[in-house]
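Engineer: generate coordinates for the sequence data below:
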Amino acid sequence: MTTQTKNSLLLMLCSFIWGFAFVAQSSGSGMGAYSFLAGRSWLAVLVLIPTMYVFDALHRRAGAPYGWPKAKEDRKTLLTAGVVCGTFLFLASAAQQMGIILNPSTAKAGFLTAMYVVLVPVFGLALGRRNSARLWVSMVIAVAGLYLLCMKNGFGSIELSDWLLLGCAVLFSFQIMAVDHYSPLVDGVRLSLLEFLVTAIESTLAAFLFETPTLADFAANAWPIVFCGVFSSGVAYTLQILGQKDLNPAIASLIMCLESVFSAIGGWLILHQSLSAREGIGCALIFTAVVLAQLPLGKRAESAA
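Structural biologist: Coordinates of the predicted model:
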């Protein structure tokens, strides 16, 4: 098995876990959104701490740099990256969980969240990044898909859950751009650890301010929290780090956006959810837009960008 095939399979597993995490989030919608997010984020921190030491051991064996940064400026950069990325992750994840609580459809949540793949290059325009005509075509297709998926009775019928999930996609776009900015400057696993630590702290504060979390709530939703915290946040993010190494970024993005497909499959298999023909076509159009936005450009187009 070649390295590229192996890494592609790792990312496929990552997408599978993220897709089925929507099922867990829907199952855990009986408790407050901030409380659920706090529980899964603290579990993610517990998973990422030993993961960090495993990566350190691998780097040490390979003779590569490892450990916390020693220079004050580097430590400041890592801390800033963790706070910025973690805050965006907290806001995006909270909006996503609130949307799922209001409407437990895993397919809709998965496909609306996947809109970040199209939004990231659009917001990149503000940073001076040029985009191809194909991106704008993908945006038109995505808007058509959103109309079919969310607006069953015209433009006035979009639900609050839809707005929350679209807001989630926007916030995830900012989080991805922040990670893209900071990841070349800091250790990736430590960035993930600090990111989830910030998310855990902020969601815990929000839970005590706006909700009344109880041990009974966490006990009743233990399995969804464990799946999202251990597998979706801890394991899947580690798989992403391993899988994206030495793999074409466009191919990696294409594989990871399959989480939206797995979310629909998971909702159908486990929660016995179904989509109308109109909603199914909307999902198909959004997925087409996501894939189209990530297809690699030709050499001439790349040089022009």
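Engineer: for this protein, give me the ranges with low pLDDT.
Structural biologist: Scanning the chain with the threshold set as pLDDT under 70 gives 129-131, 135, 149-157, 245-254, 293-305.
Engineer: now the farthest one out in it, which residue is it?
Structural biologist: The C-alpha centroid of the chain is most remote from Gly63, which lies 31.9 Å away (C-alpha atoms, centre = their mean).
Engineer: ok, Arg134 - how many residues close by?
Structural biologist: Other residues within reach of Arg134, judged by other C-beta atoms under 10 Å, total 13. (Each C-beta comes from the backbone N, C-alpha and C, glycine too.)
Engineer: follow-up on the earlier one: any idea how far Leu78 is from the residue farthest from the centre of the chain?
Structural biologist: 22 Å (C-beta to C-beta, to the nearest Å).
Engineer: what of Leu119?
Structural biologist: Leu119 is 27 Å from Leu78, by C-beta to C-beta.
Engineer: quick one: which of these two has more around it?
Structural biologist: Leu119 (22 against 19).
Engineer: can you tell me, leaving aside adjacent residues, what's nearest to that one?
Structural biologist: Counting by C-beta to C-beta, 6 or more residues apart in numbering, Leu119 lies nearest to Ser173, which is 4.2 Å off, once chain neighbours are set aside.
Engineer: just Asn103 next, same as before
Structural biologist: Ser161 (3.8 Å).
Engineer: what's near enough to touch the one you found?
Structural biologist: Ser161 sits next to 98-100, 102-103, 108 when contact means C-beta atoms under 8 Å, 6 or more residues apart in numbering.
Engineer: let's see 6 Å
Structural biologist: Counting by C-beta atoms under 6 Å, 6 or more residues apart in numbering, Ser161 touches 99, 102-103.
Engineer: same question for Val120.
Structural biologist: Residues in contact with Val120 (C-beta under 6 Å, 6+ apart) are 173, 176.
Engineer: is it in a helix, a strand, or coil?
Structural biologist: Three-state assignment for Val120 (DSSP: H, G, I helix; E, B strand; the rest coil): helix.
Engineer: look up how far Ile176 lies from it.
Structural biologist: 5 Å.
Engineer: so the nearest residue to Met115 once chain neighbours are set aside versus Tyr116, what's the distance?
Structural biologist: Excluding the flanking residues, the one nearest Met115 by C-beta to C-beta, 6+ apart is Ala169, at 4.0 Å. Ala169 sits 5 Å away from Tyr116, going by C-beta to C-beta.
Engineer: which parts of the stretch 1-150 of the chain are strands?
Structural biologist: Assigned by DSSP state E, counting those that start in this stretch, the strands in the stretch 1-150 of the chain number zero.
Engineer: re earlier: the residue nearest to Leu119: neighbour count?
Structural biologist: By other C-beta under 10 Å, neighbour count at Ser173 equals 22.
Engineer: now it: which helix or strand?
Structural biologist: helix 160-182 (DSSP states H and E).
Engineer: show me which residues of that helix are buried.
Structural biologist: Neighbour-count burial for helix 160-182 flags 161-162, 164-179, 182 (criterion: 16 or more other C-beta atoms under 10 Å).
Engineer: which residue ranges of the stretch 101-250 of the chain form helices?
Structural biologist: Applying DSSP state H, counting those that start in this stretch to the stretch 101-250 of the chain gives helices spanning 106-113, 116-123, 133-150, 160-182, 188-210, 215-220, 222-226, 236-243, 249-256.
Engineer: between the first one and helix 133-150, how many degrees?
Structural biologist: Yep, that's helix 106-113 we're talking about. 150 degrees (axes from the mean of the first three to the mean of the last three C-alpha atoms, to 10 degrees).
Engineer: go on, the fourth one?
Structural biologist: Between the axes of helix 160-182 and helix 133-150, defined by the same axes, to 10 degrees, the angle is 150 degrees.
Engineer: renumber starting at 55 from here on
Structural biologist: All right, first residue 55 from here; so that's helix 214-236.
Engineer: off-centre distance for helix 214-236?
Structural biologist: Centroid separation between helix 214-236 and its chain, computed with C-alpha atoms, centre = their mean, to the nearest Å, is 9 Å.
Engineer: again, but for the shortest one
Structural biologist: In terms of C-alpha atoms, centre = their mean, the centre of helix 276-280 is set 18 Å apart from its chain centre.
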